[in-house]
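Trainee: Give me the fold of what follows.
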Amino acid sequence: MNKNRANWQKIVYVKEAPLMLDGVALRHGRTDKILDDRVTIRNQSYLYLDGDIYYEATEVRNYDRWIEKNSGNLQPIFDLVYKIADRFAKVESKFDAGRLKRKDNKELVALLKKYSSDYQNVLGTLYVPVPMDRVLSEKIKRYISKKFPDQITEIFNSLTKLEKKHNVVQYHEELLKLALTKKNSNKKLELLAQKYAFLGIKFYFGRPFTAATCRKHLREMDDPTAERRHKNQIKRNETKAYTAAMKKLNPPGLIRRQIKWLQEAVFMRTYRLERISEGENNSFVLLREIGQRLGIDPFDLIYFRFGEIERALAETHKIGAAEIKLRKQPFGMVSLDAKTKFAFGRNYAVFRKRYKFRVVQMKEIKGQVAFPGLVRGRVRIIKTDKEMHTIRPGEILVTRMTTPDYIFAMRISAAVVTDVGGVTSHASVVSRELAKPCIIGTGHATQILKTGDLVEVDANTGVVKRI
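Mentor: Alright, predicted model coming up:
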């Protein structure tokens with residue numbers, strides 16, 4: 001495995017369990033194509049360093065060229081991604097606990113293999129919205145610059161208004177409704193938790209939402225009436241800004257379609273993650289049955305690869321407590337030249353040194369404006385979801401990136417600053433929904449700032465500075 005062959009480009013930061021990463025690696029090793037033979041990811045490269053995710057730069061450019069080639073008609077690609085994601089969440093990941101109990105271990109292995117194959121298919125769609133963001137954003141901004149060179153950011157941000165709602169937004173709205181009606185009985189909270197349980201799962205990490213989770217989120221709503229009024233005003237403002245921008249631009253047919261596709265890419269980016277989370281949550285029915293037979297908590301099985309679980313069921317491999325403890329430590333994975341290597345425990349320290357990247361020291365923290373505003377406050381660095389409970393109302397949330405489980409931390413923050421992300425990122429979408437000043441894609445804000453720093457977030461110019 002020639003690490004020097006790859007020119008690694010950092011894409012995102014997100015914690016992923018070994019079980020999920022094994023699905024990625026297995027998908028990369030397959031010879032078939034995704035999206036009805038529209039694109040192949042055979043032998044694709046992937047580097048994971050305890051949350052930092054890298055793709056090979058040449059492959060990133062190839063993805064961009066693929067989107068560029070299809071930029072005149074992206075709708076078939078959207079349709080296929082939705083089809084694959086929905087099929088995984090609603091059909092392929094569903095298991096009946098009663099029937100599983102009647103299966104022998106050999107039959108459980110067969111079911112796990114089938115699930116693994118289906119999981120690999122949906123993971124094959126993970127990167128699709130990212131080049132869409134880059135290619136479509138560039139085309140639209142280029143068109144705006146020709147007509148209104150001094151208003152590119154303002155007009156562009158107005159064009160990314162969403163018509164459809166993600167599950168995390170729907171969940172928040174249903175919570176708000178319960179808070180307003182004060183009909184938050186245990187039964188209602190249990191039903192809400194069942195409906196949105198999967199929002200607590202992300203690439204197999206986390207725990208499903210429970211009634212207690214929902215009640216905690218309810219308690220964090222200080223003034224539901226004011227919040228509803230505020231949200232409604234934001235929606236009116238977004239609609240007004242979008243209508244004005246479209247009237248001002250008066251774009252031709254192709255640019256008009258590409259604006260709609262960019263909105264679709266914004267929505268799809270979170271939508272397919274929610275469907276993956278839904279499927280992962282469903283699969284715990286199977287993992288629970290396997291765990292009972294192996295004497296292992298199903299939430300500990302996620303630290304192992306599919307093949308290891310299959311061998312444990314076949315009684316050719318034993319998963320012990322010491323190995324489980326080891327797997328919960330920081331780890332790495334690289335998929336390169338059709339070969340995959342995981343590094344756990346002491347091996348990870350050696351592995352990490354091989355893939356050590358130079359961090360550019362930046363004096364200025366600057367990124368892209370996701371939602372405008374100017375605020376001052378104390379920094380709260382959040383690097384993992386386990387740290388989210390530490391944020392206090394009015395603090396500046398500074399994180400590598402946000403995901404659906406960050407919404408309540410974002411809601412009580414004064415502003416949001418991220419290392420990575422574009423116009424289709426979760427932070428960008430939710431900051432507009434919550435009307436929170438937000439700067440995305442700063443590169444290294446989490447490394448330059450520290451918790452307690454007093455800063456000014458100028459989300460009009462995209463600059464963060466200590467004061």
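
Trainee: Could you count how many residues lie near residue 465?
Mentor: Residues within reach of residue 465, counting by other CB atoms under 10 Å, total 12. All C-beta spots, glycine's among them, are computed from the backbone N, C-alpha and C.

Trainee: Let me fix that, I meant to ask about residue 416.
Mentor: 28.

Trainee: Would you map the strands across the stretch 151-300 of the chain?
Mentor: Ranges of strands within the stretch 151-300 of the chain are 201-202, 205-206, based on DSSP state E, counting those that start in this stretch.

Trainee: which of the ones you listed is buried the deepest?
Mentor: strand 201-202 (a mean of 24; mean count of other CB atoms under 10 Å).

Trainee: Need the residues that contact that one.
Mentor: By CB atoms under 8 Å, 6 or more residues apart in numbering, the list of residues contacting strand 201-202 from outside reads 14, 15, 207, 208, 273, 277, 280, 281, 385, 403, 404, 405.

Trainee: of those, buried ones?
Mentor: 14, 15, 208, 273, 277, 280, 281, 385, 403, 404, 405 (16 or more other CB atoms under 10 Å).

Trainee: wait, what's in contact with the spatially closest residue to the third one that is not a sequence neighbour?
Mentor: The shortest distance from residue 208 to any residue that is not its chain neighbour, by CB to CB, 6 or more residues apart in numbering, is 3.8 Å, and that residue is residue 197. Remark: with contacts taken as CB under 8 Å, 6+ apart, residue 197 is in contact with 208, 209, 210, 281.

Trainee: Figure out how far stretch 215-234 is from the centre of its chain.
Mentor: Relative to the mean C-alpha coordinate of its chain, stretch 215-234 is positioned 24 Å out (CA atoms, centre = their mean, to the nearest Å).

Trainee: could you dump that stretch to PDB, C-alpha only?
Mentor: C-alpha atoms of stretch 215-234 as PDB (Å, rounded to 0.1, in the frame of the first residue of the first chain):
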ATOM      1  CA  ARG A 215     -38.000  15.900  27.500                       C
ATOM      2  CA  LYS A 216     -34.400  17.300  27.800                       C
ATOM      3  CA  HIS A 217     -34.800  19.100  24.500                       C
ATOM      4  CA  LEU A 218     -38.100  20.500  25.600                       C
ATOM      5  CA  ARG A 219     -36.600  21.900  28.800                       C
ATOM      6  CA  GLU A 220     -34.100  23.800  26.600                       C
ATOM      7  CA  MET A 221     -36.800  25.800  25.000                       C
ATOM      8  CA  ASP A 222     -37.000  28.900  27.100                       C
ATOM      9  CA  ASP A 223     -39.600  30.900  25.200                       C
ATOM     10  CA  PRO A 224     -41.500  28.700  22.600                       C
ATOM     11  CA  THR A 225     -43.900  31.500  21.600                       C
ATOM     12  CA  ALA A 226     -41.000  33.900  20.800                       C
ATOM     13  CA  GLU A 227     -39.200  31.100  19.000                       C
ATOM     14  CA  ARG A 228     -42.100  30.300  16.800                       C
ATOM     15  CA  ARG A 229     -42.600  34.000  16.000                       C
ATOM     16  CA  HIS A 230     -38.900  34.200  15.200                       C
ATOM     17  CA  LYS A 231     -38.900  31.100  12.900                       C
ATOM     18  CA  ASN A 232     -41.900  32.400  11.000                       C
ATOM     19  CA  GLN A 233     -40.300  35.700  10.400                       C
ATOM     20  CA  ILE A 234     -37.100  34.100   9.200                       C
END
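
Trainee: Now it: average pLDDT?
Mentor: Confidence for stretch 215-234, expressed as mean pLDDT, is 85.

Trainee: What residues of that stretch count as buried?
Mentor: So, applying 16+ other CB under 10 Å, buried residues of stretch 215-234: 215, 217, 218, 221, 224, 227, 228, 231.

Trainee: Likewise for stretch 302-314?
Mentor: 302, 303, 304, 305, 306, 308, 309, 310, 311, 312, 313.
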